[in-house]
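[1] Have a look at this prediction, sequence included:
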2 protein chains.
Amino acid sequence: MIVTGELVNGERLDEMSLSEHFGCSRTPLREAFQNLAASGLLELVPHRGAFVRLPSLSEMIEMFEVMAELEAFCGRLAARRVTPQDLADLLETVIACEDAVANNDHDLYYIENERFHHLLYKASGNGFLTDQAKKLHRRLKPFRRLQLRVRGRLQQSLAEHRAILAALENGDAQEAADALRSHVAVQGGKFNDLMASYKNSHLHAGS
Amino acid sequence: MIVTGELVNGERLDEMSLSEHFGCSRTPLREAFQNLAASGLLELVPHRGAFVRLPSLSEMIEMFEVMAELEAFCGRLAARRVTPQDLADLLETVIACEDAVANNDHDLYYIENERFHHLLYKASGNGFLTDQAKKLHRRLKPFRRLQLRVRGRLQQSLAEHRAILAALENGDAQEAADALRSHVAVQGGKFNDLMASYKNSHLHAGS
DNA sequence: TCAACGGTAATTGTATACAAGCTGGCGGTT
DNA sequence: AACCGCCAGCTTGTATACAATTACCGTTGA
């Protein structure tokens, strides 16, 4: 797949060779291309073909900027609308994350981290917002994953999750929004981490 | 088109008859379907076909809620990043809107209103945010248009545009964000206006 | 030697033909 | 009489063939 680094950035995807590779005709492939283009992973140029489009560093920062704001908004809404069941589910993921940190299990943490955020989106009580947040989260997934590999990031992330949950329990919209914004935003040391992992991913793509 | 009310809500779009109608084959039609589905206007059910999907009232309110927040964020960023050229362009649209109000020209106001908001998105200095805001704006377009038909809404909208521009000129991020949020948000009397126009649009669609 | 032009090959866009799956109605059974 | 299962017709999904556009490369001229 694209995120695993099998594809070089501006590479053109040949419909015919790919259809051979997947054992299907060009028609369903072209439909898949359109889906990927809608997700921003490909760029379709008329009569030229489909080109792999890895976001540039600045685009990625822009996306994180928006993601931070979306999540902050989720938190603000959730502080008012969160249900006891949501709080219980969120607590469950925090506990699971604690176990993951204790065992230094990055994969488990990654999964539970995703669950935490998805639950948060849902707790906003706004289905459209939930969808949008999920889409962007998914798009940033590979980079987020690389970030979590940074030493000590797990503990920090977990502490932030706890703070967010506490804010939601207290119904403090401002606190929840601020905590989420800084949790997601690329700022301070995280910027360097992101840049390093970005270069790393490009190295991978180039190979 | 869908927004003009030629289509009933859950109607199924027949590929064959539509391809005849447009004088093309089913292949490009299916591609168009996928685009519309990605925009949320159609729902594609495997082996069943494409169904017209007008957002429900609650979905629409959810979308406006997100739109308000996106625009508020644009305003917050723009208050810091706006360029003199942006401010000049924005002022131009406000003046054009004043003319439109003076002549009670709804169509002109509609166009300049759109220009104002697009300029604002651009002024945020975040290309991804600009794209997202444009997409959602476009999706809400028909309902926004119906709203502007409400008596006195033009004057109010214009006054809000002036306030937003003033906040940007002063570099007041908080003020710009708040002004935009309440400008876009569906609240107070606007809720009833929206509901009325929504029912109206459904009446249209049903005929 | 470099640039501009034209032709060929290759690739994408479109149309059509074929396969697979769903819908609805008919007949049989309980 | 009501319900379940089967078959026919139709609609979507896929494969392939054809058309149109583009890119590359060789040739030609200055």
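    Looks like it arrived, so ask away.
[2] Tell me which stretches of chain A form helices.
    Along chain A, the stretches classed as helices by DSSP state H are A:15-22, A:26-38, A:57-81, A:84-102, A:106-123, A:127-148, A:153-170, A:173-184, A:189-206.
[3] tell me which parts of chain A are close to DNA strand C?
    A:12-16, A:26-27, A:30, A:44, A:46-50 (Cβ under 7 Å from any atom of the strand). For glycine as for every other residue, the C-beta is placed from the backbone atoms N, C-alpha and C.
[4] What mean pLDDT does stretch A:137-148 get?
    Computed over stretch A:137-148, the mean pLDDT rounds to 83.
[5] Domain parsing of chain A, as residue ranges.
    A:12-52, A:57-206 (automatic domain parsing).
[6] Between its first and last residues, what's the separation in the shortest one?
    What it means is domain A:12-52. In domain A:12-52, first residue to last residue: 6 Å (Cα to Cα, to the nearest Å).
[7] where's that domain relative to the chain centroid, distance-wise?
    24 Å (Cα atoms, centre = their mean, to the nearest Å).
[8] residues in contact with residue A:105?
    residue A:99 (Cβ atoms under 8 Å, 6 or more residues apart in numbering or on different chains).
[9] Quick check, pLDDT for it.
    In this model, residue A:105 is scored at 91, pLDDT.
[10] Comparing the domains of chain A, which comes out most buried?
    domain A:57-206 (a mean of 18; mean count of other Cβ atoms under 10 Å in any protein chain shown).
[11] Run through the residues of chain A sitting next to chain B.
    A:27, A:30-31, A:34-35, A:38, A:59, A:62-63, A:65-66, A:69, A:73, A:126-129, A:132 (Cβ under 8 Å from any Cβ of the partner chain).
[12] Now do the contacts for the spatially closest residue to residue A:170 that is not a sequence neighbour.
    Leaving out its chain neighbours, the residue that sits closest to residue A:170 by Cβ to Cβ, 6 or more residues apart in numbering or on different chains is residue A:79, at 8.0 Å. Contacts for residue A:79 (Cβ under 8 Å, 6+ apart) come out as A:167, A:168, A:170, A:171, A:172, A:173, A:175, A:176, A:177.
[13] Between those, which sits nearest DNA strand C?
    residue A:168 (41.3 Å; Cβ to the nearest atom of the strand).
[14] what's residue A:161 in contact with, if anything?
    Counted by Cβ under 8 Å, 6+ apart, residue A:161 has contacts A:93, A:94, A:97, A:113, A:116, A:183.
[15] So residue A:118 sits against residue A:135, correct?
    No - contact criterion Cβ atoms under 8 Å: residue A:118 and residue A:135 do not qualify, at 11.7 Å.
[16] residues making contact with stretch A:122-139?
    Here stretch A:122-139 makes contact (Cβ under 8 Å, 6+ apart) with A:39-40, A:63, A:66-67, A:70-71, A:73-75, A:77-78, A:81-83, A:86, A:90, A:114, A:117-118, A:121, A:144, A:168, B:59, B:62-63, B:65-66, B:132.
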